Every structure is written in C-alpha cells, then in structure tokens.
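[1] pasting the sequence and the predicted model now:
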Amino acid sequence: MLRSLAVFVLLLAGAPASMAAPVEFQTSSLWIKSSDKTHKFTVELAVTRAQKARGLMFRKAMPADRGMLFDYGASSNITMWMKNTYLPLDMIFIDGNGRISHIVERTIPLSESLISGEEPARAVLELNGGTVSRLALKPGDQVLHRIFGNGPEAAK
C-alpha cells in the first residue's frame, strides 16, 4: 500500500514538469498588409496536435515582432483559450485566403474561457496584446504567408 502511494505521489510530482516539457516549433516570416502599410513578423508555426496544444503556454515574454501562427489546414470553427498562458494576446482569425475575418484583442492571461471567431477560419495568429490596436489592424486586412499560398515563401 505504501509503495503504491509513493509511486502515485512521484507521478503527481512529475506531472507539472512534464506538462512544461519543451515542444519544438519551426519559424517563418509573415506579413500583414493593412491600409497602406505592411507589417513583418517572425512567427512560430503550430501545426501538429502537440504544438497546437502547447501554443504560447508558460511563456513570460515575447518580442514585439514575434507571434505564433496556428494552422488548421482547412477552414473550421476554431476555439482557443488562455490556459497556462501568461501573456495577454491579440488573436487574429484568418480565412483560407489569408484575409483577417475576426479579431479578439487583449485576451485575459490564464483564463479558461473559450475564444472563437465569428465564422470558420483556416488559422489563428497570436500576437502580443495591444499589437492590433498599435498597428491599426482590422478585419479584411491581408495576411501573407506560405500556408495561404501568397507569401514570398509560398514557392519553397
């Protein structure tokens, strides 16, 4: 009995560490064309189930020109949350043609409330909270990236 209890306690003690284990992400360039300006970001790509599940969890800071692009491969009703995410984020929902369809600004860190777009989307771009307002991004703006077939990297 004591041995079983000891094993259980050890498993529980190791759970938070394993949950925070590193997940590798590839990076690429992404541009947003808004009115007469084009804004460049370096984004980490969340494509696999493990990458999407981890996202930006457990991070305490992110440079202003960085973000994470969640690629779902086809348009669907996407739901996100902020569990274990310490940074306030702007979530930009993007359709299959690379157009911004919906924006949720300054999400609440660590919240488990569900966040979704108003219509099906192909991808979600997460940027630091306040970026959308600072750059005056809006629905209808164009996102350029290879996953939409419209970025300079599309030919690669």
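    That came through fine. Since this is a predicted model, take the numbers as computed values, not measurements.

[2] just to be sure, residue 50 is in a strand?
    No. Using DSSP: H, G, I helix; E, B strand; the rest coil, the assignment for residue 50 is helix, not a strand.

[3] could I get the contacting residues of the nearest residue to it once chain neighbours are set aside?
    If you skip the residues right next to it in sequence, residue 50 has residue 23 as its closest partner in space, 5.5 Å away by CB to CB, 6 or more residues apart in numbering. Every C-beta, even on glycine, is put in place using the N, C-alpha and C of the backbone. Residues near residue 23 by CB atoms under 8 Å, 6 or more residues apart in numbering: 50-51, 54.

[4] next one: residue 27
    By CB under 8 Å, 6+ apart, the residues touching residue 27 are 42-45.

[5] mind listing the residues bridging to it?
    On DSSP bridges, the residues paired with residue 27 through beta bridges are residue 44.

[6] from residue 45, how far off is it?
    When distances are taken as CB to CB, to the nearest Å, residue 27 and residue 45 turn out to be 7 Å apart.

[7] just residue 105 next, same as before
    Applying CB to CB, one obtains 23 Å for the distance of residue 105 from residue 45.

[8] and what of residue 136?
    Going from residue 136 to residue 45 by CB to CB gives 26 Å.

[9] give me the more crowded residue out of these two.
    When residue 136 is set against residue 45 and neighbours are counted by other CB atoms under 10 Å, the residue ahead is residue 45, at 19 against 11.

[10] wait, that one sits on residue 71?
    Yes. Counting by CB atoms under 8 Å, residue 45 does reach residue 71; the two are 6.4 Å apart.

[11] what ranges do the strands span in the protein?
    Along the chain, the segments classed as strands by DSSP state E run 26-34, 37-46, 66-76, 79-80, 89-94, 100-104, 115-116, 121-128, 142-144.
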